[in-house]
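Novice: A structural model of the following input is requested.
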Amino acid sequence: MNVILHIFSNSLRKRLVTLAKEKETLLTILQQRANMGEFEYIQLEEKELDEIENALRVNEKNLIAFQYSGHAGEQGLLIQDLSVNNEGIALQLKDSAQKYSLKLVVLNGCSTKPLAERLISFGVPAVVSTSAPTLDKSATIFSIHFWRNLVTYNMSIKNAFEKALGPAQARTESNLDLSVWKLLGDEDAVKVNPIHFIEAESVKEDFRPNVLLFSALYKEYLRVGNERVTRLGDATKGERMSAMLNSIPHPISSHLTKLFSPSEASPEKYDQVSVKRLEQIGQLYQNTAEFCFYIMVAQLWEIMLELPSVKSEIDPMIREVLWSFFSMKTEPRETFDFIPMMKKILDTIQNLNNNDHFKEFIDKQIIYKDFLQLPDDFYNACDYLIQLRINTYEGLITERNLHFLCKEAELHLLQFLKPLSFMHRYKLTSIQNINVIKLRHTKSEFTRYKHKMTFLMNARGGEENSFYYMRSHIDTWSVILIKDEKRRKAQTIEEPTFVTMFVDFLNLSPFVIDQNIYLENTTLSDIMFFRGFIPSGTAYKRVSNTLDKKDIKILPIEDNYSPLAKQFKNFKKIVLGTRP
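Specialist: Modelled structure (predicted):
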């Protein structure tokens, strides 16, 4: 049987903090394929040189891929803090390449290009190496994405290599010189995948789309006490599905609905094993990640408006990263990795909350605290799903091993969505208009503001309007996220029947808008995400139709849309610093 051998070697003096994560994640990725009987995957960690040499000798004839992860330099690899000469390693892999089946060597350490060149001269068809020192974190992310591309998505060595560079950059604090990583080898050899894939029949028999996804999500919504779900009692599957989906904000539920029960007239069949299903899972993830990101950006802006002095406490890098995003062109946003940026903003807000000068106000901001509870499994799922999004968006997924890919994607989607079940306590609404209600014979303290709100919680696009009477007014022409609405009956004759209070709410505009707020004579909603600045206006894209690359709406800076430009002008000044 073919063998993939992976050596992990840390240092007692200078520990590589993320090496353990690389080992654990690669074991998960490769062992799933190994369990199907396609190859044997061997990991050796913290072993003496003679144990590594023995593993190379025993597997000489069957070795198809070899990787070293750890400290290294131009003179050799570092095993147990001892430098191992490049020539010795190259000679031990020489016969595997020239006489047998070795097709790929990955040297995931600093400055390994000299060893790579020697391996190429000995006949190894393809070698991944580095030409300079690399960061621990970026090396780990590169390795994980390279092997996932190779093993899960069956990419060629060349494509797997190129598609791993972006994630390595996205999750690194500073800008990387991506030319540090080198792919050497025969032009034809790097265009193929050295791992032969045979989809096991057991995968096809065991997996049915949506069975686990719906069951597990529904149980989660029962567990967290969602009112729509818990009051159903004896209900059909369709009724349970509708109750759950209508508890989730529209930017998420509209795309989850397509996975569960696509339109009968739709040819895509997102509920079946297909490339289209993978595309829709990637789109659902991207929409949800972008929505979460805008929640954090809006929360940071709210804090900076209320507490101007926090500017000096915020890492300037955060503002630079945000500016690079908001100045980005439209197309790259479709595969942009939002979660690392969301996490940076979340950490920034939490750090501000630890400051006694700001704690009183920030502690009252309830919404962001829900995101603090997201577990490591959530972020691990994000690492998988962003790569799925990129691969599907760029058309890199083929018809091969679709059952395996769909099963993997659904498991990671569940791992991503379950921790977000707290959103069932949120209501996404658009403020249509606000009227001041004060009778001339009543005192000013009995003034109420009548809000017409459209609830954006119906996954199938239906609208629910309601009128709210409140003691103060919310920003008009906005999309807001409400948490934990509280209503009480009138206590005096001057009050309307019900008076409403919100535990917390957050204005998401102008990042998330309802276009139809700005139009006359319409009762429908048209929810859009920000897509970029252009000279003639602001670009937006419908959240329900984001698979269409051309569906970009340019809203002018004048007339009814002028509030958008004015809000962005203030956002640039307050959050980004004065920008053009």
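Novice: tell me the mean pLDDT for stretch 509-517?
Specialist: For stretch 509-517, the mean pLDDT works out to 86.
Novice: for stretch 395-406, same thing?
Specialist: The model assigns stretch 395-406 a mean pLDDT of 85.
Novice: mind listing what's buried along it?
Specialist: 396-397, 401-406 (16 or more other C-beta atoms under 10 Å). C-beta here means a position set from N, CA and C on the backbone, and glycine is covered the same way.
Novice: tell me the one of these nearest Leu576?
Specialist: Checking the buried residues of stretch 395-406 against Leu576 with C-beta to C-beta, the nearest one is Leu396 at 33.9 Å.
Novice: partner residues bridging Thr429?
Specialist: For Thr429, the beta-bridge partners are Phe455, Ile480 (DSSP bridges).
Novice: need the buried residues of stretch 395-406 in JSON lines with distance to Phe39 and secondary structure, can you?
Specialist: Formatted as JSON lines, the buried residues of stretch 395-406 follow (distance: C-beta to C-beta, whole Å; DSSP: H, G, I helix; E, B strand; the rest coil):
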{"residue": "Leu396", "distance to Phe39": "22", "secondary structure": "coil"}
{"residue": "Ile397", "distance to Phe39": "22", "secondary structure": "coil"}
{"residue": "Asn401", "distance to Phe39": "15", "secondary structure": "coil"}
{"residue": "Leu402", "distance to Phe39": "21", "secondary structure": "helix"}
{"residue": "His403", "distance to Phe39": "19", "secondary structure": "helix"}
{"residue": "Phe404", "distance to Phe39": "15", "secondary structure": "helix"}
{"residue": "Leu405", "distance to Phe39": "18", "secondary structure": "helix"}
{"residue": "Cys406", "distance to Phe39": "22", "secondary structure": "helix"}
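Novice: farthest pair within the residues you listed?
Specialist: So, the buried residues of stretch 395-406 by C-beta to C-beta: farthest apart are Leu396 and His403, at 18.0 Å.
Novice: now Arg277. Nearest residue, chain neighbours left out?
Specialist: Excluding the flanking residues, the one nearest Arg277 by C-beta to C-beta, 6 or more residues apart in numbering is Tyr270, at 5.1 Å.
Novice: how much space between that neighbour and Ser131?
Specialist: For Tyr270, the distance to Ser131 equals 44 Å [C-beta to C-beta, to the nearest Å].
Novice: more neighbours, these two?
Specialist: Each of Tyr270 and Ser131 has its neighbours counted (other C-beta atoms under 10 Å); Tyr270 has more, 24 against 17.
Novice: please parse the protein into its domains.
Specialist: 3-191, 205-422 (automatic domain parsing).
Novice: next one: the longest one to chain centre, how far?
Specialist: Same thing as domain 205-422. 7 Å (C-alpha atoms, centre = their mean, to the nearest Å).
Novice: now do the shortest one
Specialist: Taking C-alpha atoms, centre = their mean, one finds domain 3-191 lying 26 Å from the centre of the chain it belongs to.
Novice: pLDDT of it, averaged?
Specialist: Averaged across domain 3-191, pLDDT comes to 84.
Novice: hmm, Lys427 is touching Ile482, no?
Specialist: Yes. The criterion here is C-beta atoms under 8 Å, and Lys427 meets it with Ile482 at 4.4 Å.
Novice: ok but Ile7 is inside a helix, no?
Specialist: No. Remark: Ile7 does not belong to a helix; assigned using DSSP: H, G, I helix; E, B strand; the rest coil, it is strand.
Novice: contact partners for it?
Specialist: Counting by C-beta atoms under 8 Å, 6 or more residues apart in numbering, Ile7 touches 44, 47, 52, 66-70, 79.
Novice: do that again at 10 Å, thanks
Specialist: Ile7 makes contact with 42-47, 51-52, 55-56, 66-70, 77, 79, 108 under the criterion C-beta atoms under 10 Å, 6 or more residues apart in numbering.
Novice: please name the nearest non-neighbouring residue to it.
Specialist: Nearest one to Ile7, counting by C-beta to C-beta, 6+ apart, is Tyr68 at 4.8 Å.
Novice: Ile554 versus the one you found, what's the distance?
Specialist: According to C-beta to C-beta, Tyr68 and Ile554 sit 51 Å apart.
Novice: which of the two has more neighbours?
Specialist: Taking neighbours as other C-beta under 10 Å, Tyr68 and Ile554 compare with Tyr68 leading, 25 against 13.
Novice: thought that one was touching Gly109?
Specialist: Yes. Tyr68 is within contact range of Gly109, at 6.3 Å (criterion: C-beta atoms under 10 Å).
Novice: give me the common contacts of those two.
Specialist: Taking C-beta under 10 Å, 6+ apart as the contact rule, Tyr68 and Gly109 both touch 9, 77-78, 115, 129.
Novice: and the closest residue to Ile390 other than its chain neighbours, how far from Leu322?
Specialist: Computed as C-beta to C-beta, 6+ apart, the closest residue to Ile390 that is not its neighbour in sequence is Thr335, at 4.7 Å. Distance, Thr335 to Leu322, using C-beta to C-beta: 18 Å.
Novice: the two: which has the busier surroundings?
Specialist: Neighbours per residue, other C-beta under 10 Å: of Thr335 and Leu322, the larger number sits with Leu322, 20 against 17.
Novice: related to what we said a few turns ago, okay, and the residue nearest to Arg277 sits in which element?
Specialist: Using DSSP states H and E, no element contains Tyr270; it sits outside every helix and strand.
Novice: residues contacting it?
Specialist: Per C-beta under 10 Å, 6+ apart, neighbours of Tyr270: 209-210, 255, 257-263, 276-281, 283-284.
Novice: going along the chain, name the strands of the stretch 351-500 of the chain.
Specialist: Using DSSP state E, counting those that start in this stretch, the strands of the stretch 351-500 of the chain run over 426-437, 448-455, 464-470, 479-489, 498-507.
Novice: any idea which helix or strand carries Lys276?
Specialist: Lys276 is part of helix 275-306 when elements are defined by DSSP H and E.
Novice: following the chain past that helix, name the next helix or strand.
Specialist: helix 316-326.
Novice: packing partners for that next one?
Specialist: The contact analysis (3 or more C-beta pairs under 10 Å, 6 or more residues apart in numbering; DSSP states H and E) places helix 316-326 against helix 275-306, helix 338-353, strand 527-534, helix 562-571.
Novice: can you put those in a markdown table and add mean pLDDT, distance to Ile386 and mean neighbour count?
Specialist: Below are the helices and strands packed on helix 316-326 laid out as a markdown table (pLDDT from 0 to 100; distance: least, C-beta to C-beta, whole Å; neighbours: other C-beta atoms under 10 Å):
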| stretch | mean pLDDT | distance to Ile386 | mean neighbour count |
| --- | --- | --- | --- |
| helix 275-306 | 94 | 7 | 22 |
| helix 338-353 | 92 | 7 | 19 |
| strand 527-534 | 90 | 17 | 21 |
| helix 562-571 | 88 | 25 | 16 |
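Novice: CSV please, covering the ones you listed and showing distance to Asp315.
Specialist: Below are the helices and strands packed on helix 316-326 laid out as CSV (distance: least, C-beta to C-beta, whole Å):
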stretch, distance to Asp315
helix 275-306, 12
helix 338-353, 7
strand 527-534, 23
helix 562-571, 18
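Novice: circling back: for the residue nearest to Ile390, give me its contacts.
Specialist: Thr335 touches 166, 282, 286, 386-387, 389-394, counting by C-beta under 10 Å, 6+ apart.
Novice: rank the strands of the stretch 351-500 of the chain by pLDDT, which is bottom?
Specialist: Looking at those, the weakest mean confidence is strand 464-470, a mean of 55.
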